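K.L.:
Give me a 3D structure for the following:
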Amino acid sequence: MIAEVQANHMLILGIESTCDETGASVVEDGRRVLSNVVASQVDLHAKYRGVVPEIASRAHIENILPILRESLDDAGCDLADVDAIAVAYRPGLIGSLLIGVTAAKTLAWSLGKPLIGVDHVHAHLYSVMLTERSGKREASSEKEGKTGTDTVFSSGDFFEPAFPAVGLVCSGGHTALYRLNDWLDVQLIGTTIDDAVGEAYDKVAAILGLGYPGGPILDRLAEQGDAKAVDFPRSLMGRESLDFSFSGLKTAVLYHVQGVPGKNSKPSRVAPDLDENRLADIAASFQAACVDVLVRKIKRAVKLIGARSVVIGGGVSANRGLRAALRGFSLPVCFPKMAYCTDNAAMSAGLAQLYLAAGRTSALDLDAVTYSQFVETI
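P.N.:
You can find the predicted model right below:
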């Protein structure tokens with residue numbers, strides 16, 4: 001199916017607005033990214049230490065048309081050249097989703113092009129397949145600060161992970177494991193029962209009085225600290241479990257820096273006054289606990305399904321500690337390029353090519369859905 005799609009040289013315009021990133025991208029042949037434009041809202045939400053849905057929705061309205069125009073300009077094409085319109089329509093914040101879905105439906109209707117609704121989580125897994133204009137996807141070690149090397153299968157200018165594969169999506173909203181029989185046959189095998197790992201990073205950064213988003217800050221700080229300085233707990237949910245829990249780890253960090261509250265007291269909202277060395281040690285120890293859990297669960301999943309490779313996507317896939325921990329893993333581990341780790345439209349446009357080849361288009365009454373239907377299978 002991949003070879004047939006490539007032979008068609010089709011262009012798909014993708015739209016992303018699931019949370020606080022407005023994105024548009026043109027992807028050729030399901031893999032080659034011709035443009036990938038993202039308008040970040042980090043500055044708008046930073047003082048709230050999290051995404052405010054109403055603010056996010058307004059920003060999407062302001063950004064969507066300029067982002068679409070810029071994406072087409074960067075790709076060197078017009079709307080008439082596009083073969084289909086793709087949009088991430090689930091899961092996400094309802095107000096944010098509606099902006100992108102409405103834009104995609106309007107374009108598809110007015111242009112007479114196929115509309116393809118894509119699951120955002122599914123697209124994060126597919127992000128490892130994206131390449132640049134040249135068609136060559138290079139390992140990340142030299143370009144990204146030697147923080148870890150992507151180990152991939154190659155086929156000419158492209159690569160394919162070997163199936164069955166274990167898929168891990170780890171981000172601010174999701175931490176889940178999947179069995180990938182192929183790109184269109186994906187089954188959920190484990191998920192978080194409370195906080196996503198990226199959410200835990202943001203909350204721990206808030207506890208320590210650091211900025212937002214917390215993931216990149218703690219990742220950089222962890223490089224300067226001692227990962228063995230604090231023995232934070234690892235919640236493994238039983239010997240065979242593939243589920244995750246990071247709420248207890250977050251609480252352990254809170255109690256470590258503020259002490260265990262008394263019977264009639266509450267934790268302080270004021271960040272503790274910690275010197276740089278202690279902050280670095282706490283960050284390193286916290287990150288070590290997160291990464292340890294993720295790697296152990298991946299190993300369990302590999303054993304359970306007899307996987308031949310591992311695919312990792314989502315914002316936390318950019319984490320240098322995680323990439324370093326999986327260097328030298330027993331199986332090939334596929335990470336996205338850094339540009340495609342966080343929310344973007346290229347991953348949806350790329351995956352949409354496979355949907356289109358399989359005849360899986362959407363009607364113009366496509367609606368935004370706040371939850372993923374990644375319950376058992378896609």
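
K.L.:
any idea how this structure splits into domains?
P.N.:
Domain assignment of the chain by automatic domain parsing yields the ranges 2-137+340-357, 165-336.

K.L.:
Could you point out which residue ranges in the chain have low pLDDT?
P.N.:
Scanning the chain for pLDDT under 70 picks out 1-8, 133-159, 263-265, 267-271, 373-378.

K.L.:
With E199 as the reference, measure out to the spatially most central residue of the chain.
P.N.:
Most central in the chain under C-alpha atoms, centre = their mean is G314, positioned 1.6 Å from the mean C-alpha point. Taking C-beta to C-beta, to the nearest Å as the measure, G314 falls 12 Å from E199. Where you see a C-beta, it was placed from the backbone N, CA and C, and this is true even at glycine.

K.L.:
just A346 next, same as before
P.N.:
24 Å.

K.L.:
just to revisit the earlier point, figure out which of the domains of the chain is closest to L364.
P.N.:
Judged by C-beta to C-beta, the one of the domains of the chain that comes nearest to L364 is domain 2-137+340-357, at 5.5 Å.

K.L.:
which residues of the protein fall in strands?
P.N.:
11-16, 21-28, 32-40, 84-90, 115-119, 165-170, 175-182, 185-191, 309-313, 333-334 (DSSP state E).

K.L.:
Mean neighbour count for these - can I get that in TSV?
P.N.:
Output for the strands of the chain, formatted as TSV (neighbours: other C-beta atoms under 10 Å):
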stretch	mean neighbour count
strand 11-16	29
strand 21-28	28
strand 32-40	21
strand 84-90	28
strand 115-119	25
strand 165-170	28
strand 175-182	22
strand 185-191	18
strand 309-313	26
strand 333-334	26
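
K.L.:
among those strands, which is nearest G76?
P.N.:
Using C-beta to C-beta, the nearest of the strands of the chain to G76 is strand 32-40, at 7.2 Å.

K.L.:
Which residues are in contact with I282?
P.N.:
Going by C-beta atoms under 8 Å, 6 or more residues apart in numbering, I282 touches 208, 225, 229-230, 253, 256-257, 274.

K.L.:
just these now: which is nearest K266?
P.N.:
Nearest member of those to K266, counting by C-beta to C-beta, is V257, at 14.7 Å.

K.L.:
where's the nearest residue to the closest one once chain neighbours are set aside relative to I217, distance?
P.N.:
Leaving aside its chain neighbours, V257 sits nearest to P272 (4.6 Å; criterion: C-beta to C-beta, 6 or more residues apart in numbering). Plainly put, P272 is 16 Å away from I217 if you go by C-beta to C-beta.

K.L.:
which residues touch stretch 365-374?
P.N.:
The contact list for stretch 365-374, computed with C-beta under 8 Å, 6+ apart, reads 87, 89-94, 97-98, 101, 104-105, 115, 117, 119-122, 174, 176, 178, 186, 188.

K.L.:
Over to stretch 335-344?
P.N.:
Residues contacting stretch 335-344 (C-beta under 8 Å, 6+ apart): 16, 18-21, 23, 25, 33, 36, 38, 120, 127-128, 130, 137, 140, 144, 148, 150, 312-318, 323, 346-347.

K.L.:
Now that stretch: buried residues?
P.N.:
Neighbour-count burial for stretch 335-344 flags 335-337, 339-344 (criterion: 16 or more other C-beta atoms under 10 Å).

K.L.:
Output that stretch as CSV, nothing but the C-alphas.
P.N.:
Output of stretch 335-344 as CSV, limited to C-alpha atoms (Å, rounded to 0.1, in the frame of the first residue of the first chain):
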residue,chain,number,x,y,z
PHE,A,335,11.6,8.4,17.5
PRO,A,336,10.2,11.3,15.5
LYS,A,337,12.4,14.2,14.4
MET,A,338,12.2,16.9,17.1
ALA,A,339,10.0,19.1,14.9
TYR,A,340,7.3,16.4,14.9
CYS,A,341,7.3,15.4,18.6
THR,A,342,4.9,18.1,19.8
ASP,A,343,1.5,18.8,18.2
ASN,A,344,1.7,19.5,14.5
